[in-house]
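# using only what follows, build the 3D model:
(2 chains)
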Amino acid sequence: MEIISLINALPGAAAQGLIWGIMAIGVYITYRILDIADLTVDGSMCTGGAVCIMMMLSGYRVWVSMAAALAAGMIAGLVTGLFHTFMGIPAILSGILTQLGLWSVNLKIMGKANQAINVDKFPLLVSLRFIKNVPFFKNTILIVAAITVVLIGILYWFFGTELGCSLRATGCNDKMARAQGINTDLGRVLGLMLSNGLVAFAGALLTQYQGFADINMGRGAIVIGLAAVIIGEAVFGKIFKNFGFKLLAVSFGSIIYYLVLQVVIWRGIDTDLLKLLSALVVAVFLAIPVWQERYFKGAAKKWPAGAKNGGQGNGGKS
Amino acid sequence: MLEVKNISKTFNAGTVNEKQALKGLSLTLNDGDFVTVIGGNGAGKSTLLNAIAGTWKVDEGNIVIDGVDVTKYPEHKRAAFLGRVFQDPMNGTAATMGIEENLALALRRGDKRTLKKGIVSGERRLYRDMLAKLGLGLENRLTSKVGLLSGGQRQALTLLMATLKKPKLLLLDEHTAALDPKTAAKVLETTENIVNQDHLTTLMITHNMKDAIHIGNRLIMMNNGQIIYDVAGEEKKNLKVEDLLRKFAQASGEEFANDRMLLAN
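As a prediction, the model looks like this:
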């Protein structure tokens, strides 16, 4: 229970939070913009890690491997998108089907349930060894933060384009979108591809960070992603109105999640219970806008603004 | 401008809920026709508009807009020809997007969505001018989220979006029914102004018989998935609500038993 051990663990937690933040931004695209709860991410996270580690182990450069991971994630998103649109399967079930299929795919990519990569023998971009006592340009926190800012910049640009606007319209009101000549099926597929590409990219970073890829590494990813989205909105919703800052809030939400997690671990809680705790916390946060509407109308100011805004943002389409 | 040839549509075929909503319906609209559509509940008015808009495919028949057979076109592809306003003000706009963003989406109806900027600054002047004509004070709120607007404002905005890029055919599905009488009158007035100014071919469903008589140059009455009365020109202008009620009773063999319609007189 030494406070110093907690302080020592915090930079690592922040780095992990940043990496998962990229994943959470992917979840934000489907959950908030397209209004789909996409469970593909639980599988595509690992796909990204598996593709990246296997390519690096066979001698490809780190950036090539990460680009391939991104592409693999986009293919996973494409599959879910086709299940949903072309085959007419409900979105949530489409994601579950892809996620299940990806289990086998991920095993085949890695050849076994896990693969390790040695940070001393391969030129990894990020690693838990690059947190302290490295030159600043090799510092993992700084690198992932820079990547996050670049990605947010790209997404900010994209969602301001004609195509990006049509995606937002699709998620907000697909009846209106079709009446305005927008191919809503195409929009959903593109959004799912974009989202899962980001998730797999985060998987590639996480694999390098921890030095291994594991078949279970994406389990529950959707919950962590949702937690980051919700925490980000709850804490920063009032001050971050701009779309770019909203994405930044998701990243911050993820960091907060991992810092809190670190504190909980430091307090000596049974780590077996962590997933149960995460699930419960996310469930309660998801319920807040609903409860607000149902039981606390008029007294709404008592609740975190972001959770409320988020609820409205989503509910606006109905 | 519009040719609907012998279209049929049955919902829930083969179940107890089977409903033949359109029965071999044909309708031809000339360029610049402003047609009002009346009929009881379940007469097939909205079904006709949805068939034209491509919400689903018809079972039989063809739909030709401006010489193009669109029968097999999906909804978003047909949108290139159509402007649509729905009964529910929530349906026509994207609530979480700004007024100008909604208009920008509408301006690009029928175009390919590219990676160019979603709104270019020159458009804003156009939007401001168009919004000013509505007289709702929206011209100074370009970036406000549409979700903050009232039902009437949203419906007026939807109307503007439907006609911003001149459609071959404007489809209005009881677009004033969900509004209070004063707002409804205002939106209806705006509708007439826009349609007359741009010479739009229009199909407007209404439950208000007086409106149906006074507005437009042609009136059709539907019952049971068919057109039972079609009147235009002078004859239409001289119609009275009682005439319509009698016509309905004659053609359908039933009383016009729709409280909403009678009250609307």
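# sketch out the low-pLDDT regions of chain B for me.
B:252-265 (pLDDT under 70).
# contact residues of it facing chain A?
B:53, B:74-77, B:79-80, B:82, B:84, B:86, B:90-97, B:101, B:104-106, B:108-111, B:113-119, B:147, B:161-162 (CB under 8 Å from any CB of the partner chain). For glycine as for every other residue, the C-beta is placed from the backbone atoms N, C-alpha and C.
# switch to 7 Å and redo it
B:75-76, B:79-80, B:84, B:91-97, B:101, B:104-106, B:108-110, B:113-118, B:147 (CB under 7 Å from any CB of the partner chain).
# interface residues of the stretch 101-250 of chain A facing chain B?
So the stretch 101-250 of chain A meets chain B at A:160-166, A:168-169, A:172-173, A:175-176, A:178-184 (CB under 7 Å from any CB).
# secondary structure element holding residue 101?
Answering for chain A, as no chain was given. Here A:G101, judged by DSSP states H and E, is contained in helix A:91-110.
# actually chain B
helix B:99-107.
# now what about that helix, what contacts it?
Contact with helix B:99-107 is made by A:165-166, A:169, A:180, B:93-94, B:118-119, B:123-124, B:127, B:138, B:141-144, B:146, B:157, B:161, B:164-165, as judged by CB atoms under 7 Å, 6 or more residues apart in numbering or on different chains.
# and the buried ones among those, selectable in PyMOL?
Listed next is the PyMOL selection for buried residues among those, using 16 or more other CB atoms under 10 Å in any protein chain shown:
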select buried, (chain A and resi 165+166+169+180) or (chain B and resi 93+94+118+119+123+127+138+141+142+146+157+161+164+165)
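# keep only those of the contacts of helix B:99-107 that are in helices.
If you go by DSSP state H, these have A:C165, A:S166, A:A169, B:E123, B:R124, B:Y127, B:L157, B:M161, B:L164 in helices.
# let me know the closest of these to B:I228.
Closest approach to B:I228 among the ones in helices among the contacts of helix B:99-107 (CB to CB): B:M161, at 33.1 Å.
# so what's the residue nearest to A:V126 when sequence neighbours are not counted scoring on pLDDT?
Spatial nearest neighbour of A:V126, chain neighbours left out: A:T140 (4.2 Å); criterion: CB to CB, 6 or more residues apart in numbering or on different chains. On the pLDDT scale, A:T140 is placed at 94.
# the stretch 201-318 of chain A: helices as residue ranges?
Counting by DSSP state H, counting those that start in this stretch, the stretch 201-318 of chain A has helices at residues A:221-236, A:243-266, A:274-295, A:305-315.
# now do the phi/psi pair for B:I65.
phi -110, psi 120 (degrees, to the nearest 10).
# find the nearest non-adjacent residue to it, please.
B:F81 (4.6 Å).
# neighbours of the one you found, just the number please.
Neighbour count of B:F81, defined by other CB atoms under 10 Å in any protein chain shown: 22.
# I figured it was touching B:P167, is that so?
Yes: here B:F81 reaches B:P167: they are 6.4 Å apart, a contact under CB atoms under 7 Å.
# how many neighbours does A:I7 have?
Residues lying near A:I7 (other CB under 10 Å) number 10.
# part of a helix, is it?
Yes: assessed with DSSP: H, G, I helix; E, B strand; the rest coil, A:I7 lies in a helix.
# A:A13 versus that one, what's the distance?
A:I7 sits 11 Å away from A:A13, going by CB to CB, to the nearest Å.
# B:Q226 now?
Distance from B:Q226 to A:A13, by CB to CB: 70 Å.
# so which of the two has more stuff around it?
Comparing B:Q226 with A:A13 by other CB under 10 Å, the one with more neighbours is A:A13, at 21 against 17.
# which residues does the more buried one contact?
So A:A13 contacts A:Y258, A:L259, A:L261, A:Q262 (CB under 7 Å, 6+ apart).
# rerun at 10 Å
Applying CB atoms under 10 Å, 6 or more residues apart in numbering or on different chains, one finds that A:A13 lies in contact with A:L6, A:I255, A:I256, A:Y257, A:Y258, A:L259, A:V260, A:L261, A:Q262, A:V263, A:I265, A:W266.
# excluding chain neighbours, what is closest to the fifth one?
Just to be clear, that refers to A:Y258. Using CB to CB, 6+ apart, the nearest residue to A:Y258 is A:G17, at 3.4 Å.
# ditto for the second one
With sequence-adjacent residues excluded and distances taken as CB to CB, 6+ apart, A:I255 is closest to A:G17, at 3.5 Å.
# any idea how far A:L259 is from A:L10?
6 Å.
# same question, B:L171
Using CB to CB, B:L171 is found at 60 Å from A:L10.
# next one: A:F86
Separation of A:F86 from A:L10 (CB to CB) stands at 46 Å.
# neighbour count for the two, which is higher?
A:L10 (15 against 10).
# distance to B:L203 added to the ones in helices among the contacts of helix B:99-107, as a markdown table?
What follows is the ones in helices among the contacts of helix B:99-107, written out as a markdown table (distance: CB to CB, whole Å):
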| residue | distance to B:L203 |
| --- | --- |
| A:C165 | 29 |
| A:S166 | 26 |
| A:A169 | 24 |
| B:E123 | 28 |
| B:R124 | 32 |
| B:Y127 | 26 |
| B:L157 | 21 |
| B:M161 | 17 |
| B:L164 | 19 |
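# identify the contacts common to A:L259 and A:L10.
Joint contacts of A:L259 and A:L10 (CB under 10 Å, 6+ apart) are A:G17.
# so which residues of the stretch 101-250 of chain A form strands?
Listed in chain order, the strands of the stretch 101-250 of chain A (DSSP state E, counting those that start in this stretch) span A:114-116, A:212-214.
# can you check the stretch 1-150 of chain B too?
Ranges of strands within the stretch 1-150 of chain B are B:2-11, B:19-29, B:34-39, B:60-65, B:68-69, B:82-85, based on DSSP E, counting those that start in this stretch.
# so which of these is the most surrounded?
Of all the strands of the stretch 1-150 of chain B, strand B:82-85 has the most neighbours on average by mean count of other CB atoms under 10 Å in any protein chain shown, namely a mean of 28.
# from the contact counts, what lies against that strand?
Judged by 3 or more CB pairs under 10 Å, 6 or more residues apart in numbering or on different chains; DSSP states H and E, the packing partners of strand B:82-85 are helix A:174-179, helix B:45-53, helix B:75-78, helix B:151-164, strand B:169-173, helix B:181-198, strand B:202-205.
# what strands line up against it, and which way round?
Take DSSP bridges as the rule and strand B:82-85 pairs in its sheet with strand B:169-173 (parallel).
# how about the spatially most central residue of chain B, what does it touch?
Closest to where the C-alpha atoms of chain B average out (CA atoms, centre = their mean) is B:L172, at 1.4 Å. Applying CB under 10 Å, 6+ apart, we find B:L172 in contact with B:36-37, B:49, B:83-87, B:158-159, B:162, B:187-188, B:191, B:195, B:202-206.
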